[in-house]
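Peer 1: Attaching a predicted model along with its sequence, questions to come.
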Amino acid sequence: MYSYDIIDCPDRETWIRERGKGIGGSDAAAIIGRNPYISNTDLWEIKTGCRTPVDISDKPYVQYGVRAEEHIRALFALDYPEYRIEHHDNRILRSKQYPFLQASLDGELFDHEGRRGVLEIKTSNIITGTQREKWNDRIPDNYYIQVLHYLLVTGYDFAVLRAHLISVWGADVRTQVKHYFIEQTAVKDDLDYLLHEEIKFWGYVEAGRKPPLVLPAI
């Protein structure tokens, strides 16, 4: 049922090189025009070596998310003791059926019934009401697609996204925590659609042929 190879990288630099060899979770939304920061043609240029990806690892919001992850994972374990959680630094899961599909998970979940799940952790600075609205009773499209991608790679039964929404009010920092639970069986049509589009995109990469630009829905 769970069919993937495990690549344990010795360090972060190796992990970065390895994850560039296929489609990762943060790439998936761009393929179908749902990434607000990068288009599918931009991604194609990166995957074919025509463009060097922009390094944002030193950005404060990225550093915050990296440093907070282990603590948020520990808080999730306290809040939901019914799950056993595992995490492995610099690990890549690579689909055996579609080796260009790969995932690096914030956590793997195991419930009392023996089912396995994906834990995805997000931290987001909320500056405007529009940003907060995107999290109201739903997951923003790009993050939802990232979770779908991880379910495709792993074949796991469910996923949980834990979001920490951070707002600064003067000297006061306020954090709102939201949880989103996704059953694989409930999103089968979305999974089928995403898999089809990712296979098609990788065909363009292998052929060295630029795909048509996918414009985001209005």
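Peer 2: Happy to help now that I have it.
Peer 1: okay, CA-based contacts and neighbour counts for the rest of this
Peer 2: Noted.
Peer 1: how many other residues sit next to I121?
Peer 2: Using other C-alpha atoms under 10 Å, I121 has 22 neighbouring residues.
Peer 1: Name the nearest residue to it, sequence neighbours excluded.
Peer 2: R162 (5.0 Å; C-alpha to C-alpha, 6 or more residues apart in numbering).
Peer 1: pretty sure the one you found contacts V147?
Peer 2: No - R162 is beyond contact range of V147, at 11.4 Å (criterion: C-alpha atoms under 8 Å).
Peer 1: so what sits against both of those two?
Peer 2: E120 (C-alpha atoms under 8 Å, 6 or more residues apart in numbering).
Peer 1: out of those two, which sits in the more crowded spot?
Peer 2: It is V147, of R162 and V147, that has more neighbours when counted by other C-alpha under 10 Å, with 26 against 19.
Peer 1: That one: which element?
Peer 2: Per DSSP states H and E: V147 is located in helix 141-154.
Peer 1: and the angle from the helix or strand following that helix to helix 141-154?
Peer 2: Counting by DSSP H and E, the next helix or strand C-terminal to helix 141-154 is strand 158-169. Angle of strand 158-169 versus helix 141-154, following axes from the mean of the first three to the mean of the last three C-alpha atoms, to 10 degrees, is 150 degrees.
Peer 1: name the helices or strands packed onto the very next helix or strand once past strand 158-169?
Peer 2: Per DSSP H and E, strand 158-169 leads on to strand 172-183 as the next helix or strand towards the C-terminus. Identification of packing neighbours for strand 172-183 by 3 or more C-alpha pairs under 8 Å, 6 or more residues apart in numbering; DSSP states H and E yields strand 158-169.
Peer 1: Mind doing that once more with 10 Å?
Peer 2: Packing partners of strand 172-183 (3 or more C-alpha pairs under 10 Å, 6 or more residues apart in numbering; DSSP states H and E): strand 116-125, helix 141-154, strand 158-169.
Peer 1: Buried deepest among these, which one?
Peer 2: Ranked by mean neighbour count, those are led by helix 141-154 with a mean of 23 (mean count of other C-alpha atoms under 10 Å).
Peer 1: Can I get the helix holding V147 as PDB, trimmed to CA atoms?
Peer 2: As requested, the backbone C-alpha atoms of helix 141-154 are provided in PDB (Å, rounded to 0.1, in the frame of the first residue of the first chain):
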ATOM      1  CA  ASP A 141      -4.900  26.400  -2.200                       C
ATOM      2  CA  ASN A 142      -1.100  26.200  -2.400                       C
ATOM      3  CA  TYR A 143      -0.900  24.500   1.000                       C
ATOM      4  CA  TYR A 144      -3.800  22.100   0.200                       C
ATOM      5  CA  ILE A 145      -2.100  21.000  -3.000                       C
ATOM      6  CA  GLN A 146       1.100  20.400  -1.100                       C
ATOM      7  CA  VAL A 147      -0.700  18.100   1.300                       C
ATOM      8  CA  LEU A 148      -2.300  16.300  -1.600                       C
ATOM      9  CA  HIS A 149       1.100  15.800  -3.200                       C
ATOM     10  CA  TYR A 150       2.400  14.200   0.000                       C
ATOM     11  CA  LEU A 151      -0.600  11.800   0.000                       C
ATOM     12  CA  LEU A 152       0.200  10.900  -3.600                       C
ATOM     13  CA  VAL A 153       3.800  10.100  -2.700                       C
ATOM     14  CA  THR A 154       3.200   8.200   0.500                       C
END
